[in-house]
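Peer 1: need a 3D model of the following:
(one chain, ligands or ions: 1)
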Amino acid sequence: MRQRTYLSPTLRDVPADAEIISHQLMLRSGLIRQTASGVYSYLPLGKRVLRKVEDIVREEMDNAGAQEVLLPAIQPAELWEESGRLGDYGPELMRLKDRHQRDFVLGATHEEVITTIVRDDVQSYKKLPLNLYQIQTKYRDERRPRFGVLRSREFIMKDAYSFDTSKEGLDASYEAMYEAYTKIFTRCQLDFRAVEADSGAIGGTDTHEFMVLSDIGEDTIAYSDTSSFAANTEIAPVLAEYEKSSESLKELEKIETPNVRTIDEVSSFVNVSNDKIIKSLLYLVNEEPVLVLVRGDHEVNEIKVRNLFDKATVEFATTEQTKEYLNCEVGFVGPVNVNIKVVADNAVASVVNGVCGANEKDMHYQYVNLERDATIEQFADLRTIQEGDPSPDGRGTVKFAKGIEVGHVFKLGTKYSEALGANFLDENGKSQTMIMGCYGIGVSRTVAAIVEQNHDEFGLVWPTTVAPFDLHLVTINVKDETQRNLGEALYESLKKSRFDVLFDDRPERAGVKFKDSDLIGLPIRVAIGKRAAEGIVELKIRKTGEMIEVQVDELETVLQDQLQKLAN
Ligand code: 9G3
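Peer 2: Numbering: from 1, shown residues only. Model prediction:
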């Protein structure tokens, strides 16, 4: 490709509203342009990288036995009514009316569409298992699009859906996708972790997120410093081993604590450490009041609370509701002498002579011992894991890392096949409901994640497997006939040898060309300069900065070797 006519508009300055490096560099190197808030256009360089990532995804999905389909971006709203989730997503689900005023949604995901297709065309167990996938544009009207294509309102997703006859079949399909994802992200040369995750509103049981480690990631991963344990902190289980102090139980005592509300205020006023305080938070679980207790130095994990009441609606009570149910103000709430359900995190069971609110303004209890002074309906793992906790698998200590979610695999079960009637006749001719899994990769997000992990102060540093071109051929001075002729000759011969070449044949100064070349970040630059007359060109390996002078008749061999070295 000749740069003289190639649309790769580089920018010298960092665009003001681009907060993170991948957004800045994808704009500056001419990969993308913003068309609207959270809506991007891919220019030729960006499109080539997208296609490289899509081709890796496609190859591994096909290797795993999945079949590629293409589903519509506009979906009849009736399908989402049939599945019962048209009302679940609010304004995030983009909607439109056709010319006949019929309701449609813009596809945020495709469980409904794919399940109705399989429902209508698959009836026998002999046609299962089946894994269908597409690479397609998705629409989710994010309230605050940010970070360029990392959180955009239109994005490219590979979404796959598996259909099995049994739970064991689903496990096999899930495992096959898990392996395929591992290969995909490895081939993209990403530093990633597969972490246990929460299935959220989509439902289902097992689920893993594939996280690319990055400080700008919006998710926090808990991982063990010695074992393979890794989980999203949203659901990371906590090892419930707490030693109980041997101090003798003291008599419960109510104390005046004027205007003392927060954990820190109570801790300093009563002169106890946070882990002796019982933090009591009121929730409404399916509209019923439930008091949730955690130790003062821990945080309640609302997803765990929701999962304890099997995905009931769990809302944190407002101050008015707290007054209504406990007729006292927030900050003085406690589990002693209440007539509502109380559940507690496992760590609270080991608090001896603790402190808690007395359900009276400006009053607390001290020397609280729950099995004597309160009725705890259930102890469970209800707190969020913290750095330094023992790893839940009992091996090593928990550390935190930020991650960008680039993949998410779910065991769906029968949530959609039941709602939409996707059944099959088993070997005994009996009708059974298909068992589903679904598997997503954020393809455009993966490009941004690769940039986050592959850049330096001069610009992009593309891994060879996803680089838009293999090499950057640069004639330093196109006015010099020797350089110009050698450049043209090398361009033709390298193309003939099937190298993907971006040829900088522009009449620009050397400095501009080198700055652009470092910014665009192709793996190898071949510069034709003063020594062209001697048949010598200068290679620069973008990743290491290594410079190599090469005789043109050895150039192709050296390029092959260098590209091979970079791919490992
Ligand atoms: C919506 C909107 C946003 C959504 C969804 C639906 C997330 C939604 C979960 C999934 C689950 C899997 C198949 C590929 C892998 C992920 N955000 N999810 O269902 F209407 Cl506006 O998409 N779907």
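
Peer 1: what residues does the stretch 401-550 of the chain have near the ligand?
Peer 2: Residues of the stretch 401-550 of the chain that fall close to the ligand, judged by Cβ under 6 Å from any ligand atom: 408, 438, 439, 440. Where C-beta positions appear, they are placed from N, C-alpha and C, glycine not excepted.

Peer 1: which element is the first one on?
Peer 2: Secondary structure assigned from DSSP states H and E places residue 408 in strand 398-413.

Peer 1: just give the strands next to that strand in its sheet, each with its orientation.
Peer 2: Here strand 398-413 has these sheet partners by DSSP bridges: strand 207-213 (antiparallel), strand 219-224 (antiparallel), strand 435-442 (antiparallel).

Peer 1: and the second one, C-alpha only, in CSV?
Peer 2: As requested, C-alpha coordinates have been extracted for strand 219-224 and formatted as CSV (Å, rounded to 0.1, in the frame of the first residue of the first chain):
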residue,chain,number,x,y,z
ASP,A,219,-12.9,-4.6,36.7
THR,A,220,-10.9,-5.7,39.7
ILE,A,221,-9.5,-9.2,39.7
ALA,A,222,-8.6,-11.1,42.9
TYR,A,223,-5.8,-13.6,42.2
SER,A,224,-3.6,-15.8,44.4
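
Peer 1: which residues touch whatever residue of the stretch 301-450 of the chain ends up closest to the ligand?
Peer 2: The ligand sits closest to residue 440 of the stretch 301-450 of the chain, with a gap of 2.5 Å, by Cβ to the nearest ligand atom. Residue 440 sits next to 109, 157, 158, 159, 160, 407, 408, 409 when contact means Cβ atoms under 8 Å, 6 or more residues apart in numbering.

Peer 1: the first one touches residue 158, doesn't it?
Peer 2: No - with contact taken as Cβ atoms under 8 Å, residue 109 and residue 158 are classed as non-touching, separated by 11.9 Å.

Peer 1: which one of these two is surrounded by more residues?
Peer 2: Comparing residue 109 with residue 158 by other Cβ atoms under 10 Å, the one with more neighbours is residue 158, at 25 against 20.

Peer 1: in the helix or strand hosting residue 41, what counts as buried?
Peer 2: Using DSSP H and E, residue 41 sits in strand 39-42. Residues 40, 42 are the ones in strand 39-42 that count as buried (16 or more other Cβ atoms under 10 Å).

Peer 1: try stretch 351-368
Peer 2: By neighbour count with 16+ other Cβ under 10 Å, stretch 351-368 contains the buried residues 351-360, 362-368.

Peer 1: next one: stretch 70-79
Peer 2: 71, 75, 76, 77, 79.

Peer 1: got the residues of this protein near the ligand?
Peer 2: Residues of the chain lying close to the ligand by Cβ under 6 Å from any ligand atom are 89, 92, 93, 108, 109, 140, 159, 202, 408, 438, 439, 440.

Peer 1: ok, the closest residue to residue 520 other than its chain neighbours - how many residues close by?
Peer 2: Excluding the flanking residues, the one nearest residue 520 by Cβ to Cβ, 6 or more residues apart in numbering is residue 29, at 5.2 Å. Residue 29 sits with 26 neighbouring residues when counted by other Cβ under 10 Å.

Peer 1: just residue 281 next, same as before
Peer 2: Counted with other Cβ under 10 Å, residues neighbouring residue 281 total 19.

Peer 1: likewise residue 16?
Peer 2: By other Cβ under 10 Å, the residues close to residue 16 number 6.

Peer 1: with the one 4 residues further on instead?
Peer 2: Residue neighbour count, defined by other Cβ under 10 Å, stands at 18 for residue 20.

Peer 1: for it, give me its contacts.
Peer 2: Under the criterion of Cβ under 8 Å, 6+ apart, the neighbours of residue 20 are 147, 148, 150, 216, 452.

Peer 1: and stretch 379-390, how far out from the chain's middle?
Peer 2: Centroid displacement of stretch 379-390 relative to its chain, using Cα atoms, centre = their mean, to the nearest Å, is 22 Å.

Peer 1: cool, stretch 86-102 as well?
Peer 2: 26 Å.

Peer 1: span of that stretch from start to end?
Peer 2: End-to-end distance for stretch 86-102, by Cα to Cα, to the nearest Å: 15 Å.

Peer 1: make 678 the first number, not 1, from now on.
Peer 2: Noted, 678 is the first residue going forward, which turns the last one into stretch 763-779.

Peer 1: count of neighbours near the residue lying closest to residue 785 once chain neighbours are set aside?
Peer 2: Spatially, and ignoring its direct neighbours in sequence, residue 785 is nearest to residue 817 (4.8 Å; Cβ to Cβ, 6+ apart). Other residues near residue 817 come to 20 when the count uses other Cβ under 10 Å.

Peer 1: surely residue 817 is in contact with residue 834?
Peer 2: No - assessed by Cβ under 8 Å, residue 817 is found out of contact with residue 834, at 9.8 Å.
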